[in-house]
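J.: A predicted structure for the sequence below; I have some questions about it.
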Amino acid sequence: MDEAIHPDERYPARYWHPLDDGRIQCDLCPRDCKLHEGQRGACFVRGMADGKMVLTTYGRSSGFCIDPIEKKPLNHFYPGSSVFSFGTAGCNLACKFCQNWDISKSRDMDRLMDQASPQAIARAAQRYGSRSVAFTYNDPVIFFEYALDTADACHALGLNTVAVTAGYIHAAPRKEFFAKMDAANIDLKGFTEDFYVKLTGAHLKPVLDTLAYVHHHTDCWLEITTLLIPGHNDADAEIQALSKWVATELGPDVPLHFTAFHPDWKMTDTPPTPPETLTRARRIALDAGLHYVYTGNVHDPEGGTTHCPACRHPVIERDWYEIGHYDVTPQGTCPQCGARIAGRFGGFTRPFGARRIPVRMA
């Protein structure tokens, strides 16, 4: 945790308080890091400088890119649209299976190659024709101030904001953060405390609290992703418990994505997730009463298709991130039976497709 904090990295951060012994405590997430002068927290990007909390990555990014919104993944938030994506570095979880470890686990600030103000990001997204801006690649909770300032700049130009997050945040900042997000995909990494403690270095309850809060107390559209890891969180009983919790506590209209693990970071000896595991998980979740369950990181057109929950008409057919058939009315209903399709919809023309377009800002 000890590393000098350069004066250029000392953007004032919020949600902290001083301790009697000269340290400060970060109050942003449940890690509650207690820091001496010059120390950084577990996330590595929030630290103590001159007796105060600072954010060391404000205005600095690991990269900008235009993605399909389905890549976040969000299947019910203006499907087929493009999203202007960016992240910084660091993370407040310690997932041994991290799929973006080169960014989220980075201790090398030189990886932050691109600089942009919140206003510059919003203008660039508008210039490239993106409907939304996504805070992604690493968890936006840890670059809280940068994300919220960027959200304000986006909303001033009529753009939507998207958070891709693990949802590991305290109640007070959570309220402020999600008030400025139009959509979120929150990782529910497993459904046991043992999994969270041993494989992520975190706890399950704060994530469940975030999921319930976002769905019941905000206007932020919510989807959930669970990465299924062979031998760790892919047992039928755990998948069933997770699915029943979503159906009961959040309701059947919250989309759930089961995605495939590939060996990475500190779990290179764990095999990839078999496609049949995802198919089985999807069936369990549908049987638990969920209306929209998807598979990801595998080729599975059926697992990517959105069906009307009333008549089962395929209203959006997907193959990876490509939309082959779109049949939702602008009002968000099924044209066959008139039932409502949960989500945010609008006029649909030509989908953005599976393209990934890197953008250089500086």
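T.: Cool, got the structure.
J.: now do the contacts for Ala120.
T.: Residues near Ala120 by C-beta atoms under 8 Å, 6 or more residues apart in numbering: Met361. Backbone N, C-alpha and C define where each C-beta goes, glycine included.
J.: and the closest residue to Ala179 other than its chain neighbours, how many neighbours?
T.: Spatial nearest neighbour of Ala179, excluding adjacent residues (C-beta to C-beta, 6 or more residues apart in numbering): Thr218 at 6.5 Å. Using other C-beta atoms under 10 Å, Thr218 is surrounded by 18 other residues.
J.: so Thr218 sits against Lys180, correct?
T.: No. The pair Thr218 / Lys180 is not scored as a contact, 9.8 Å apart, by C-beta atoms under 8 Å.
J.: so how far is Thr226 from the residue nearest to Ala179?
T.: Distance, Thr218 to Thr226, using C-beta to C-beta, to the nearest Å: 21 Å.
J.: what do you get for Gly51?
T.: The value you get for Gly51 to Thr226, if C-beta to C-beta is used, is 41 Å.
J.: compare neighbour counts for these two and give me the winner.
T.: Residue environment comparison for Gly51 versus Thr226 gives the larger neighbour count to Thr226, 24 against 10, counting by other C-beta under 10 Å.
J.: show me the contacts for the more buried one.
T.: Thr226 sits next to Asp187, Leu188, Lys189, Gly190, Asn233, Leu242, Leu256, His257, Phe258, Thr259, Ala281 when contact means C-beta under 8 Å, 6+ apart.
J.: mind checking what helix or strand follows whichever strand in the chain runs longest in sequence?
T.: Here the longest strand in the chain is taken by residue count, with DSSP state E as the criterion, and it is strand 221-228. Once strand 221-228 ends, the next helix or strand along the chain (criterion: DSSP states H and E) is helix 236-245.
J.: packing partners for that following helix?
T.: helix 275-287 (3 or more C-beta pairs under 8 Å, 6 or more residues apart in numbering; DSSP states H and E).
J.: what does whichever helix or strand comes after the helix it packs on contact?
T.: Tracing the chain past helix 275-287, the next element assigned as helix or strand by DSSP H and E is strand 293-296. Outside strand 293-296, the residues within contact range by C-beta under 8 Å, 6+ apart are 73, 75, 225, 243, 255-260, 275, 278-279, 281-282, 285-286, 303-304.
J.: which ones are touching Ser243?
T.: Going by C-beta under 8 Å, 6+ apart, Ser243 touches Leu256, Ile284, Ala285, Ala288, Gly289, Leu290, Val293.
J.: just the pLDDT at it, thanks.
T.: The predicted structure scores Ser243 at 98 on the pLDDT scale.
J.: then Met361?
T.: The predicted local confidence for Met361 comes out at a pLDDT of 87.
J.: once you drop chain neighbours, what's closest to it?
T.: Leaving aside its sequence neighbours, Met361 sits nearest to Ala116 (C-beta to C-beta, 6+ apart; 4.3 Å).
J.: buried ones in whichever helix or strand Lys205 is part of?
T.: When elements are defined using DSSP H and E, Lys205 is found to belong to helix 204-217. If you call a residue buried by 16 or more other C-beta atoms under 10 Å, then helix 204-217 has these buried ones: Leu204, Pro206, Val207, Leu208, Asp209, Thr210, Leu211, Tyr213, Val214, His215.
J.: which among the residues you listed gets closest to Leu28?
T.: Nearest to Leu28 among the buried residues of helix 204-217 is Pro206, at 11.8 Å by C-beta to C-beta.
J.: what's Asp287 in contact with, if anything?
T.: Asp287 touches nothing, counting by C-beta under 8 Å, 6+ apart.
J.: what is the neighbour count of the nearest residue to Gly80 once chain neighbours are set aside?
T.: Counting by C-beta to C-beta, 6+ apart, the nearest residue to Gly80 once its immediate chain neighbours are dropped is Pro351, at 3.3 Å. The tally of other residues near Pro351 (other C-beta under 10 Å) stands at 20.
J.: and Asp149, by the same measure?
T.: Asp149 has 20 nearby residues by other C-beta under 10 Å.
J.: report the separation between it and Arg174.
T.: Counting by C-beta to C-beta - Asp149 and Arg174 are separated by 18 Å.
J.: with Asp264 instead?
T.: Using C-beta to C-beta, we find Asp264 at a distance of 28 Å from Arg174.
J.: neighbour count: those two, which is higher?
T.: More crowded of Asp264 and Arg174, by other C-beta under 10 Å: Arg174, with 22 against 16.
J.: if anything else comes up later, I'll come back, but that's it for now.
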